[in-house]
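Colleague: Coordinates only, no sequence provided:
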């Protein structure tokens, strides 16, 4: 799993969703059709949030437009990070220079805009028109878990994992015994 090792919350505050990229050997996994669950334990290894698929969102699509002057894709608060793998689709025709059968890399990312490249070490793709129809993108491997409000209100550190079971094989992400550390802290306390 790329990058995520901990998630923090202050007791009494609303849980923020936990976002992650599911990857294998550094490559984001297309999880569109995979059954994904989330599980969280206490330090003794007992489940305090049994495996659940409630609250899971996998690779959601978001609409975008193109600024042909800058070559950037525009989507308010898109959530894309530098280096994310992006796939595109269109109800009609994608802008010239873009294709539906390519996994692009996100580059030059700002809150509302980003460019695409065929590889991280190559320049951005040149986009010469706006295309036709509504266009959308998804971040390959992106998964979000929204915690139930009543999951835990006791200060502590709780290991958690995303779980995929296919063909009788159970895999956890991250694939280690530590998981993602979910830190719940008292207000005013310093979470380590």
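Modeller: That came in fine, so what should we check first? These numbers come from a predicted model, not from an experiment.

Colleague: residues in contact with residue 79?
Modeller: Shown in contact with residue 79 (Cβ atoms under 8 Å, 6 or more residues apart in numbering): 19, 62, 139, 142. For glycine as for every other residue, the C-beta is placed from the backbone atoms N, C-alpha and C.

Colleague: try 6 Å
Modeller: Counting by Cβ atoms under 6 Å, 6 or more residues apart in numbering, residue 79 makes contact with nothing.

Colleague: for this structure, what are the low-confidence residue spans?
Modeller: Scanning the chain with the threshold set as pLDDT under 70 gives 1-4, 189-192.

Colleague: Could you find the closest non-adjacent residue to residue 16?
Modeller: Spatial nearest neighbour of residue 16, excluding adjacent residues (Cβ to Cβ, 6 or more residues apart in numbering): residue 9 at 7.0 Å.

Colleague: isn't the one you found right next to residue 186, touching?
Modeller: No. With contacts defined as Cβ atoms under 6 Å, residue 9 does not count as touching residue 186, sitting 11.0 Å away.

Colleague: what residues does the helix or strand hosting the residue nearest to residue 16 touch?
Modeller: If you go by DSSP states H and E, residue 9 is part of strand 6-10. Strand 6-10 is contacted from outside by 15, 18, 181-185, 187, 191, using Cβ under 6 Å, 6+ apart.

Colleague: need the longest strand for the chain.
Modeller: In the chain, assigned by DSSP state E, the strand with the most residues is strand 156-166.

Colleague: who does that strand pair up with?
Modeller: Partners of strand 156-166 in the sheet, by DSSP bridges, are strand 36-41 (antiparallel), strand 169-173 (antiparallel), strand 180-185 (antiparallel).

Colleague: Now do the first one: everything it contacts.
Modeller: This means strand 36-41. Applying Cβ under 6 Å, 6+ apart, the contact partners of strand 36-41 are 47-49, 51-53, 56, 143, 145, 158-164.

Colleague: quick one: contacts for the most centrally placed residue in the chain?
Modeller: When Cα atoms, centre = their mean is applied to the chain, the residue found nearest the centroid is residue 142 (2.9 Å). Neighbouring residues of residue 142 by Cβ under 6 Å, 6+ apart: 21, 59.

Colleague: And the next helix or strand past the strand holding residue 9?
Modeller: By DSSP H and E, the next helix or strand past strand 6-10 is strand 18-21.

Colleague: and that following strand, what does it pack onto?
Modeller: In this structure, strand 18-21 makes packing contacts with strand 142-145, judged by 3 or more Cβ pairs under 6 Å, 6 or more residues apart in numbering; DSSP states H and E.
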